[in-house]
Each structure stands twice: as structure tokens, then as C-alpha cells.
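**Student:** Okay, here's the prediction I keep looking at, along with the sequence it came from:
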Amino acid sequence: VVCSLSYAVLIKFLTVFLDEYLSSTSAKHLGPFCSDQNGHFECGSRKLLCGCASGSCENGDGIDWDFLSNLNFTDGIVRMATFKKEMKIPGVCACPWKGGPRLDSSWLIRLLGGTIEVKTGDDGVACTPCTQAPTHAWNEIELPHSKCYLMLGGQTSAFRDRGVHAFRLVLHDTTWRFWEREPGKLAYEGLLLHRQRPLSEKHVELLKHLITNGDRRQNLDTAQFERSLDQGHDLSPIFLEFLPATFLFKDDALPSMITAYLSAFGLYRKLPFIPQVAVNCVVVALLFGRDPQELQALVPKESHDRIRSHAKRLNVFWRRDIAPIFQEASHVFKTCLELQLPETWMHRWLPRWWQQGPTTKTLNLDVREQVKQFRAEYFSKVLA
């Protein structure tokens, strides 16, 4: 059994390795949306995003929905982009089961698309080998006949009642807040990044599913139950909610990232001894590139509709019954406080026109001091 499993794993590795190199294709017209040369990082205009040619997408509004619904996917390609970070490589990778095999990590890194870097310290001694690992990742989809790009990614959901389980698939995952502060870190190739590949029928089917059935972004305000972590900074006009309470959102989701790279995530998430599978934006980007059918199974229309219906009911409840309470209590906290100074003998015996200096003092309060000073009054208003 062990030998059969080992052969199966080896064949899977070789299949993925060949698929990565044989499926690579060259761009026909547009090329990568972003570039990073000599530490100078820049990306194309938002007008190059599909549905944004008029320039009305600059503030997240005015998407041309008719244009999105009639995209030409012929000769389209998808590439995976990320911001890389340095990661130390252990000398040996041990099997998690007791008595399992021990593998040289450098081979595993190379099989997963990475490279080994050995740096030298100031004393001339070689440091621990390292590699460049992905952090925030997304898919860049180039449509040469429509002359525009689609940005696909995964983000934490604004529907916060599911906590760390809240995750969604978004279109035009621009994540602008990252791009300006990450010079020298952009990568289109490397560890756990699928190579550029042509769009297949499954890719197109998933994109059409997202455009047709996804919810359109609403500009969230404080008078709603939903809280937006990403949407306030990014475009993300369309989204589909992941299956509820199925995954745990974690930055450290290495097993899920590896299985997604190997097109084995569907099998991995169904293993009975895995209590809860972790996902992140890297997993989503890998699933779209390598196994779009599996990704589509995680964002079914029926489940998405139920979640959004529940979210809308909670938003109405919050806006009608809860928000007014917090709005009334919002004026309790003050950045400054006027204190009455204690009386002295001068205040008691001398005429007011003879007294010097004010009888009050203005005290500036930081956030912690405001909470300490006004906490009781705030709770009395909210809980009344």
C-alpha cells in the first residue's frame, strides 16, 4: 500500500511538472498588467479592467455590466501574480506520521516551482538556504479580443457573523492598498505559482458563473450589520460567497496551497481526519488556475443566495433597530474634557475681578482615556 501510494504521489508530481511547462503560453497583445523593474513598481490604469474603459471605475462605481456580460474569452490567458517574501528552508522535511519518510526540502521546493537561494553573511559564512514564497496572490486574466483584464481573487467576506470562516471569490480583486507599498516584491513565477496558461472551457464557465450570479458590491456604511475589510479600498464589484462554515481563513495554509498546486485540493478537503481545511487568497488563485471546476463547486449559486438573503435581513435589522442606539451614543466620547479646578483661598475671599487665571482646565484625552472616562455613560445609553 505504501509503495502504491508513493508511486501515485510521484506520478502526480511529474504530471503537474509537465503540465506547468507544457501549458505555458505567450501573451498575444497586452502583456502583464503590472511590472516591477529595478524597484520601480507600476500597474496599468483601471481603465484597462473589463467594464471600466470609460474611467468611471476609479471610485468603485459605474461598472459597465453589459460589457462584462458580453466578453470575448477567445485566446484568453490567465497568469498568477503575488507579492513574494523570503522564507527559510529547513534542511529536512519530515513526514507528519510517526516513522514516515524524510525528504530533502530543496527537491520539494523545486518541484513546487521555487528556487533555492543561499546568501552569505558579513562574516562570509553561508546562511540557511531560503526561497521566495507567495503572500497576497491573485489571478490576472487577459482577454486580447476584448482588450481588457479581469482580476480574480479571494478576500475576507464583509458578512462578519461567520468570523474567520467568512470568505468570498471576487472579480477585479485590485487590492490597491497593497500595490503602492510593495516595490521589489511582485512575482509572476516562483514557489506555488501556476504558470501562464490559456483559458479553458472550465475557466470561462466559472467566470461567467461569477459575472451572472454574483452579487454586486454595495457601498457599506456604518448602519449595516456587514463590515467591510477589503472592499473599502478595492474595486471588487462582483463577488460570490464561499460555502459557509466550511473553511478556516488563515495566512498559513501550506497543506491547502500544496494540494491546490497539485490539483488535489478536492480530495484533500474531503479527508475524514482533517477537522477543518484552511484557505487563503493563494489557494483561491491556484484553484482557479489549476482546477477551476473544484473552485466553482465551492461557490454554488444556491448557497450564495441563501447567505446573501440572510445578510440582507440582518442589515435591515441592524439599520432599523441597532444602528440608532449606537448613533445616539456616538456623541458620548469626547477628545477633550473641561475640568473644574479646586477652589483656593483666593477664589473664596477675593472679588472675581481680582482673581487671576481660569477656574477650569482643558484636558486632551487619547482613545484609552476616553474609554476609561466615558465607558459607564456609553453602556448606560446602549443597554438602556
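**Tutor:** Received it, and whenever you're ready, just let me know what you need. On a predicted model such as this, the values are computed, not experimentally measured, just so you know.

**Student:** For residue 200, which non-adjacent residue is spatially closest?
**Tutor:** Using CB to CB, 6 or more residues apart in numbering and skipping the chain neighbours, the partner closest in space to residue 200 is residue 292 (7.2 Å). The C-beta positions use only the backbone N, C-alpha and C, and glycine is treated the same way.

**Student:** What of residue 252?
**Tutor:** residue 278 (7.4 Å).

**Student:** so that neighbour makes contact with residue 246?
**Tutor:** No. With contact defined as CB atoms under 8 Å, residue 278 does not count as touching residue 246 (11.0 Å).

**Student:** These two: which is more packed in?
**Tutor:** Between residue 278 and residue 246, residue 278 has the larger neighbour count (other CB atoms under 10 Å), namely 18 against 15.

**Student:** And that one, which helix or strand is it part of?
**Tutor:** Secondary structure assignment for residue 278, by DSSP states H and E: strand 277-279.

**Student:** Show me what the nearest residue to residue 171 once chain neighbours are set aside bridges to in the sheet.
**Tutor:** Among residues not flanking residue 171 along the chain, residue 238 sits closest, at 4.3 Å (CB to CB, 6+ apart). Listed by DSSP bridges, the beta-bridge partners for residue 238 are residue 171, residue 216.

**Student:** roughly how far apart are residue 238 and residue 362?
**Tutor:** 50 Å (CB to CB, to the nearest Å).

**Student:** contact partners of the strand holding residue 278?
**Tutor:** Contacts to strand 277-279, defined as CB atoms under 8 Å, 6 or more residues apart in numbering, come from residues 154, 167, 242, 246-250, 252-253, 255-256, 268-269.

**Student:** Highest neighbour count among those residues?
**Tutor:** The most crowded member of those, judged by other CB under 10 Å, is residue 154 (28 neighbours).

**Student:** In the helix or strand hosting residue 139, which residues are buried?
**Tutor:** Using DSSP H and E, the element containing residue 139 is strand 130-143. Within strand 130-143, the residues that qualify as buried are 130-143, counting by 16 or more other CB atoms under 10 Å.

**Student:** Adding pLDDT and distance to residue 198, write those residues out as TSV.
**Tutor:** Formatted as TSV, the buried residues of strand 130-143 follow (pLDDT from 0 to 100; distance: CB to CB, whole Å):
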residue	pLDDT	distance to residue 198
130	85	33
131	87	28
132	88	26
133	89	27
134	92	22
135	87	27
136	86	25
137	92	20
138	93	18
139	95	13
140	95	14
141	96	11
142	96	10
143	96	12
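
**Student:** Can you report how many residues neighbour residue 370?
**Tutor:** When neighbours are counted by other CB under 10 Å, residue 370 registers 17.

**Student:** thinking again about what came up before, just name the closest of the contacts of strand 277-279 to residue 370, please.
**Tutor:** residue 249 (31.7 Å; CB to CB).

**Student:** give me the beta-bridge partners of that closest one?
**Tutor:** On the basis of DSSP bridges, residue 249 takes part in beta bridges with residue 279.

**Student:** And it, how close does it get to residue 371?
**Tutor:** Taking CB to CB as the measure, residue 249 falls 29 Å from residue 371.

**Student:** do residue 267 as well
**Tutor:** 49 Å.

**Student:** same thing with residue 362?
**Tutor:** Relative to residue 371, residue 362 is positioned 19 Å away (CB to CB).
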